[in-house]
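In: Here you go, sequence then predicted model.
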Number of protein chains: 2
Amino acid sequence: MKRITFSLVAVATLASAVFFRAPASGHADEEAAPIFGIKIPPGYRDWRLISVAHEAGNLNDLRALLGNDVAIKAYREGKLPFPDGTIIARLAWSYVPSEENNKVFGRAQSFVAGAATNVQFMVKDSRKYAATGGWGFAQFTDGKPADEALLKTCFPCHEPVKARDFVFTRYAP
Amino acid sequence: MKRITFSLVAVATLASAVFFRAPASGHADEEAAPIFGIKIPPGYRDWRLISVAHEAGNLNDLRALLGNDVAIKAYREGKLPFPDGTIIARLAWSYVPSEENNKVFGRAQSFVAGAATNVQFMVKDSRKYAATGGWGFAQFTDGKPADEALLKTCFPCHEPVKARDFVFTRYAP
């Protein structure tokens, strides 16, 4: 019995070392987003990649979608709706031409990630967020949550993709 | 002593479950790239994100740079040169306008990842690859390695960024 206890401690230690090592962002004392009460999930910058995108226009960013383990498993298995516990993170950075890269290519063609703009999260909890398709929404800029007015626009915007459980991004092979 | 052995087995089991679960790509029997003898590293699709980029022009892709644990640690600590064992993966997908997203935004601004184009790897081994700055280079399209002629162009192209250990991509915060 003692032996089992010891090994569980060892496993827990390794698990925390693996999953929570040097979180690049996210602290327990951070402010929660309004309406949905979502905090920045610790260690989200370590999550696996779902896909990438570029939004031109006013947003003018490069973005990466990362998913926690529940999200990645559901994506890879093509499972819809996403199960409770799914969290999808959308990171974004300003869209910056790279003079350095362009010099090497011999022409202006390279755009890279500049400063971080903001980070958004979709959190699946089918009971808690029943009124918004089972999803809670949050956005943070430099750790500060966006206000209620902005968060109220999230779900209406995601409604057109109800058939994919309100998630725009497809998994990039 | 037995107790320690048991716990180490448990830890090893968890570690393999965490790091080697369902590799999205990479098989031991795949063909190695010429010159540098690099095979597709198993499980690279699970690695953590370094940054994203868009190459216009002939490449016309969206790309993500992922790093193995050695790479991510070195990036976050700002460690140069990258230590032996570093592997950087460059995934790329065709640059596709998203009609679905554009409809929601009310204008043409959204570009997403389409079909995978190819995947490239930089592998650090300062002895083995001493002639090319300590880096081995590889490119695979649908699992097939690129030929020698193409791989010979890699290092000359990376030479302008010698000051950053021949690596173009910066870590995205």
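Out: It's in.

In: Spatially nearest residue to residue A:103 (excluding sequence neighbours)?
Out: Once flanking residues are discounted, residue A:103 sits nearest to residue B:160: 7.0 Å by CB to CB, 6 or more residues apart in numbering or on different chains. Every C-beta, even on glycine, is put in place using the N, C-alpha and C of the backbone.

In: How about residue A:152?
Out: Excluding the flanking residues, the one nearest residue A:152 by CB to CB, 6+ apart is residue A:35, at 7.1 Å.

In: From the chain's centre, how far out is the particular helix or strand that has residue A:95 in it? Work that out for me.
Out: When secondary structure is defined by DSSP states H and E, residue A:95 falls within strand A:87-97. Shown here is strand A:87-97, whose average C-alpha point lies 9 Å from the average C-alpha point of the whole chain (CA atoms, centre = their mean, to the nearest Å).

In: Now it - C-alpha only, CSV.
Out: As requested, C-alpha coordinates have been extracted for strand A:87-97 and formatted as CSV (Å, rounded to 0.1, in the frame of the first residue of the first chain):
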residue,chain,number,x,y,z
ILE,A,87,-11.0,24.6,-24.1
ILE,A,88,-9.9,26.3,-27.3
ALA,A,89,-7.4,29.1,-27.1
ARG,A,90,-7.0,31.7,-29.9
LEU,A,91,-3.7,33.5,-29.7
ALA,A,92,-3.0,36.5,-32.1
TRP,A,93,-0.1,38.7,-33.0
SER,A,94,0.2,41.7,-35.2
TYR,A,95,0.9,40.9,-38.9
VAL,A,96,4.4,42.2,-39.5
PRO,A,97,6.3,42.2,-42.8
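
In: Against chain B, how distant is residue A:109?
Out: 4 Å (CB to the nearest CB, to the nearest Å).

In: Give me the buried positions along the very next helix or strand once past the strand holding residue A:95.
Out: Secondary structure here is assigned by DSSP H and E; on that basis, the next helix or strand after strand A:87-97 toward the C-terminus is helix A:99-105. By neighbour count on 16 or more other CB atoms under 10 Å in any protein chain shown, the buried set for helix A:99-105 is A:101, A:104, A:105.

In: pLDDT and distance to chain B for those residues - can I get that in a markdown table?
Out: Shown next, in a markdown table, are the buried residues of helix A:99-105 (pLDDT from 0 to 100; distance: CB to the nearest CB, whole Å):
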| residue | pLDDT | distance to chain B |
| --- | --- | --- |
| A:101 | 94 | 6 |
| A:104 | 90 | 6 |
| A:105 | 88 | 7 |
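
In: can you count the residues close to residue A:94?
Out: 15 (other CB atoms under 10 Å in any protein chain shown).

In: ok, it - contacts?
Out: By CB atoms under 8 Å, 6 or more residues apart in numbering or on different chains, residue A:94 lies in contact with A:60, A:61, A:62, A:113, A:114, A:115, A:117.

In: residues near the closest residue to the first one other than its chain neighbours, how many?
Out: So that's residue A:60. Across the structure, with CB to CB, 6+ apart as the measure, the residue nearest residue A:60 apart from its sequence neighbours is residue A:95 (4.9 Å). By the criterion of other CB under 10 Å, residue A:95 has 20 neighbours.

In: Student question: in chain A, what's the helix or strand with minimum average pLDDT?
Out: The least trusted helix or strand in chain A, going by mean pLDDT, DSSP states H and E, turns out to be helix A:2-20, with a mean of 39.

In: Quick check: mean pLDDT of the helix or strand following that helix?
Out: Counting by DSSP H and E, the next helix or strand C-terminal to helix A:2-20 is strand A:48-55. What strand A:48-55 shows for mean pLDDT is 98.

In: Noted, bye for now.
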